[in-house]
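Colleague: here is a sequence with its predicted model. Questions after.
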Amino acid sequence: MKILALADLHAEEAVLDRLRVVSTRGDYDYILIAGDITNDGPVSYAEELVDLLGDKKLFAVHGNMDPPAVAELLEERGVSVNGKKKSIGEWNVVGFGGSNPTPFNTPSEMSEEEIGKKAGGLKIDKFSIFLTHTPPYGVMDTVGGIHIGSRAIRKIIEERKPLLNICGHVHEHEGQSVIGETLVVQLKPAKQLGAAEIRIDDDIKVRFIEL
């Protein structure tokens, strides 16, 4: 199974231009988007993205910069996995959008306690790809020397041991790390044309690419 993963598009038109090319090639079985599709809107950008990629192989969560209308659109179009578990080949994808509090009062933030309550009930197992906007606390999550990842997300990963966690949010980092039995993939912002190709077979292979 070959996945294209991206996050933090922030309504950048150049991303849509690149994805138009990607969509014609059919190189990927699934496309996963880890939030911040827009910059507090516009919803029309999210609509164009879903129209472009289709609803059969696209799975997405909203980010902290996506207003409720964007999250609602993803839900209406059947591509949202926020709070859901959906089959993806021999595995499954489970999503959780938004973020823990930031200094910027962005549209889709919640307390760590709320994240713990809402995400704690997700049906995550060792076959799950956990698609989150926010990275787990302490993993490629520093800005100015301060960790901004979610403690609640980390706790869930430590307890449920998903196969993979794909996240974005922290523009300053790109890479891979491991928490217990879970591979964490932190994506470079798509608005900078960053993305990752992820192959899942007997093992997991990650290649960071330019769209």
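Modeller: On my side now, so go ahead. Residues are numbered from 1 along each chain as shown.
Colleague: what packs against the helix or strand bottoming out on mean pLDDT in the chain?
Modeller: Ranked by mean pLDDT, DSSP states H and E, the weakest helix or strand in the chain is helix 13-25, scoring a mean of 93. If you count contacts as 3 or more Cβ pairs under 8 Å, 6 or more residues apart in numbering; DSSP states H and E, helix 13-25 packs onto helix 43-53. (Each C-beta comes from the backbone N, C-alpha and C, glycine too.)
Colleague: follow-up on the earlier one: so which bits of the least confident helix or strand of the chain are buried?
Modeller: 15, 18-19, 22 (16 or more other Cβ atoms under 10 Å).
Colleague: repeat that for stretch 77-93.
Modeller: 77, 79-82, 84, 88, 91-93.
Colleague: again with stretch 115-133
Modeller: Buried-residue list, stretch 115-133, by 16+ other Cβ under 10 Å: 115-116, 119, 122, 124, 128-133.
Colleague: restricted to helices, list these.
Modeller: Here DSSP state H is the test, and the buried residues of stretch 115-133 give 115-116, 119 as lying in helices.
Colleague: would you mind giving these as CSV with distance to Gly175 and pLDDT added?
Modeller: Compiled in CSV, those are given as follows (distance: Cβ to Cβ, whole Å; pLDDT from 0 to 100):
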residue, distance to Gly175, pLDDT
Ile115, 23, 98
Gly116, 26, 96
Ala119, 23, 94
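Colleague: any chance of a markdown table for the residues you listed, columns distance to Ala190?
Modeller: Formatted as a markdown table, these follow (distance: Cβ to Cβ, whole Å):
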| residue | distance to Ala190 |
| --- | --- |
| Ile115 | 23 |
| Gly116 | 28 |
| Ala119 | 23 |
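Colleague: closest one to Met140 out of those, please.
Modeller: Using Cβ to Cβ, Ile115 comes nearest to Met140 of these, at 18.3 Å.
Colleague: count the residues that sit near Gly175.
Modeller: Neighbours of Gly175 under the rule other Cβ atoms under 10 Å: 14.
Colleague: who does it form a beta bridge with?
Modeller: Gln186 (DSSP bridges).
Colleague: and Ser128, by the same measure?
Modeller: Beta-bridge partners of Ser128, as defined by DSSP bridges: Asn92.
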